[in-house]
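> Next come a sequence and a model predicted from it.
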Amino acid sequence: MTTPQHAAPRVPESLAAVGVTCLYGSHVAVRNVTIEVAAGASVALVGESGSGKTTLLRTFNRLVSPTSGSVAVGGRDVGAADVETLRRGVGYVPQQGGLLPHWRVLRNVALVPSLRGDPSALDAAAAALALVGLSVAQFGSRFPHELSGGQRQRVALARALAARPGVVLLDEPFGALDAITRAEVQGTFAAMRRELGVTTLLVTHDLAEAARLADEIIVMRNGGVEQRGSFAELRRHPATEYVQALLTSAAASVAALVTA
């Protein structure tokens, strides 16, 4: 029998949101947004706090249900899907990693394959840990509190990848890390994405991070989309004063990225 170490990833799946609006009471968190992410692409949602980027991300795994509009993963309507089946097929890395503190690392990473009834769930977890640069022999039996911040985020990435999903959603996964550790884990993520070809949607407030990790950037403000394009396109032709201000405020880190 082929083991998970040699199993191919699922075919990358597209993401689509059409006319999505999300209300929290009278507050409009997302306002009539339409976006598409092609299968295998990496797209970053960038904006200040309250711009709607996390709310929009969470509509794709039904942690948020839109007030109006439609959301699809792989061409399938998310609203009509069984929520447990949907979430087991979409990798998700929340801001603080979301590891279960009373479970050891290997069991944390094996969570989704176990829920899917994979008899080789632990092997799949070990393979995912190796993919993010962690040895199961060294880290598998540790608890989350015994890890550094960077190691915890690597474990969170591994858990999102263990069932080899076609899509991975990442909500500010590197924001709490120090600069050196953040760069290391970003590098791990970039290498992982190249190897697996998985579709990724990344939420970040860091434009330089988006430029490094995403094919395209969607700038959000006040629940709507200000501009979409590659980092180079945004730099050449900022569509609004807000996008220009975002580029200016990130000038130092962006300059370092461009000259690297």
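That came in fine, so what should we check first?
> Residue 180 is in what secondary structure piece?
helix 179-196 (DSSP states H and E).
> List the contacts of the helix or strand that that helix is followed by.
Using DSSP H and E, the helix or strand that follows helix 179-196 towards the C-terminus is strand 199-204. Outside of strand 199-204, the residues within contact range by Cβ atoms under 8 Å, 6 or more residues apart in numbering are 12-15, 37-46, 53-54, 57, 60, 166-175, 193, 210, 213-214. In short, each C-beta sits where N, CA and C put it, glycine included.
> Narrow these to those in strands?
Taking DSSP state E as the definition of strands, the contacts of strand 199-204 contribute 15, 37, 42, 43, 44, 45, 46, 167, 168, 169, 170, 171.
> Do I have it right that the last one meets residue 93?
Put plainly, it is residue 171. Yes - if you go by Cβ atoms under 8 Å, residue 171 and residue 93 touch, sitting 6.8 Å apart.
> So between those two, which is more surrounded?
residue 93 (25 against 21; other Cβ atoms under 10 Å).
> returning to that earlier point: residue 205: which of the ones in strands among the contacts of strand 199-204 is nearest?
residue 46 (6.8 Å; Cβ to Cβ).
> From residue 97, how far off is that closest one?
Distance of residue 46 to residue 97, given as Cβ to Cβ, to the nearest Å: 21 Å.
> Show me where this protein dips below the pLDDT cut-off.
1-10, 251-260 (pLDDT under 70).
> Can you show me the strands along it?
Under DSSP E, the chain gives strands at 15-24, 27-37, 42-46, 68-73, 76-77, 90-93, 167-171, 199-204, 216-221, 224-229.
> okay, those in TSV with distance to residue 188 next?
Putting these into TSV (distance: least, Cβ to Cβ, whole Å) gives the following:
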stretch	distance to residue 188
strand 15-24	23
strand 27-37	21
strand 42-46	14
strand 68-73	25
strand 76-77	30
strand 90-93	12
strand 167-171	12
strand 199-204	13
strand 216-221	21
strand 224-229	26
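> Residue 147 is nearest to which of those strands?
Nearest of the strands of the chain (Cβ to Cβ): strand 90-93, 15.1 Å.
> List the buried residues of stretch 85-92.
Neighbour-count burial for stretch 85-92, counted by 16 or more other Cβ atoms under 10 Å, picks out 86, 87, 88, 89, 90, 91, 92.
> That stretch: end-to-end distance?
14 Å (Cα to Cα, to the nearest Å).
> Give me the distance from it to the chain's centre.
12 Å (Cα atoms, centre = their mean, to the nearest Å).
> what's it in contact with?
10, 60-62, 73, 78, 112, 115-116, 160-161, 163, 165-171, 198.
> And these, which of them are buried?
Buried, going by 16+ other Cβ under 10 Å: 60-62, 73, 78, 112, 160-161, 163, 165-171, 198, out of these.
> hang on, the earlier thing: out of residue 46 and residue 97, which sits in the more crowded spot?
residue 46 (28 against 21).
> Test my guess that residue 159 contacts residue 132.
No - between residue 159 and residue 132 there is no contact under Cβ under 8 Å: 9.7 Å.
> The two: who's more crowded?
Between residue 159 and residue 132, counted using other Cβ under 10 Å, residue 159 has the larger neighbour count: 27 against 22.
> residues touching that one, list them.
93, 99, 108, 109, 111, 112, 125, 128.
> Can you turn the buried subset of the residues you listed into a selection I can paste into PyMOL?
Those of the contacts of residue 159 that count as buried under 16+ other Cβ under 10 Å are selected in PyMOL with:
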select buried, resi 93+99+108+109+111+112+125+128
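> biggest separation within the contacts of residue 159, which pair?
93 and 125 (15.4 Å).
> Just send the ones in strands among the contacts of strand 199-204 back as CSV, with distance to residue 202 too.
Listed next are the ones in strands among the contacts of strand 199-204 as CSV, based on distance: Cβ to Cβ, whole Å:
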residue, distance to residue 202
15, 12
37, 10
42, 7
43, 7
44, 5
45, 7
46, 9
167, 12
168, 9
169, 8
170, 5
171, 8
